[in-house]
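Trainee: sequence first, predicted model second:
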Amino acid sequence: MREKKYTWHKIAETIEELRFKKNSILQMAVGNKNICIIKTEKGISACAAKCPHAGGAMCEGALDKNENIICPVHRYTFNLNTGRDITGEGYYLKIYPVEIKDSGIFLGIEEAGFFRSLQ
Ligand code: FES
């Protein structure tokens, strides 16, 4: 299986620097993408800002008790590890890897090389 290559973007020095809303979610532009950054018990997760169903603003959503993210429009609910909707509609939310290091918090965006775009 082809290994994914990422460009890593520093999004903050520390978790405290990230200004989360009450729902523990914030939106920021990283590279040329709008991303939702989510604070969970396990750390920091990241997903696409738009719901794959009909473009709902995921950053206006909420987390359930299992830390899945719920779209505010039709309430489809997505696993933040796999992106799979656990409500069974068959949609996948784009998930971005996040790494917390001594030097800061980094978000990976998959590189889209010429041959990758043909696959
Ligand atoms: S737009 Fe998100 S569930 Fe419909």
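Mentor: That came in fine, so what should we check first?

Trainee: who touches the most centrally placed residue in the chain in this structure?
Mentor: By CA atoms, centre = their mean, the chain has its centre lying nearest to Cys47, at 1.5 Å. By CB atoms under 8 Å, 6 or more residues apart in numbering, the contact list for Cys47 reads 35-36, 38, 58, 69, 78, 80, 83, 93-96. (Glycine included, C-beta is placed from N, CA and C.)

Trainee: let's go with 7 Å and repeat that
Mentor: Residues near Cys47 by CB atoms under 7 Å, 6 or more residues apart in numbering: 36, 38, 58, 69, 80, 83, 93-96.

Trainee: what's the span of stretch 72-79, first residue to last?
Mentor: 15 Å (CA to CA, to the nearest Å).

Trainee: what of stretch 47-60?
Mentor: 13 Å.

Trainee: next one: stretch 81-88
Mentor: Stretch 81-88: ends 16 Å apart by CA to CA.

Trainee: average model confidence for it?
Mentor: The average pLDDT for stretch 81-88 rounds to 95.

Trainee: contact partners for Tyr91?
Mentor: Neighbouring residues of Tyr91 by CB under 7 Å, 6+ apart: 52-53, 76, 85.
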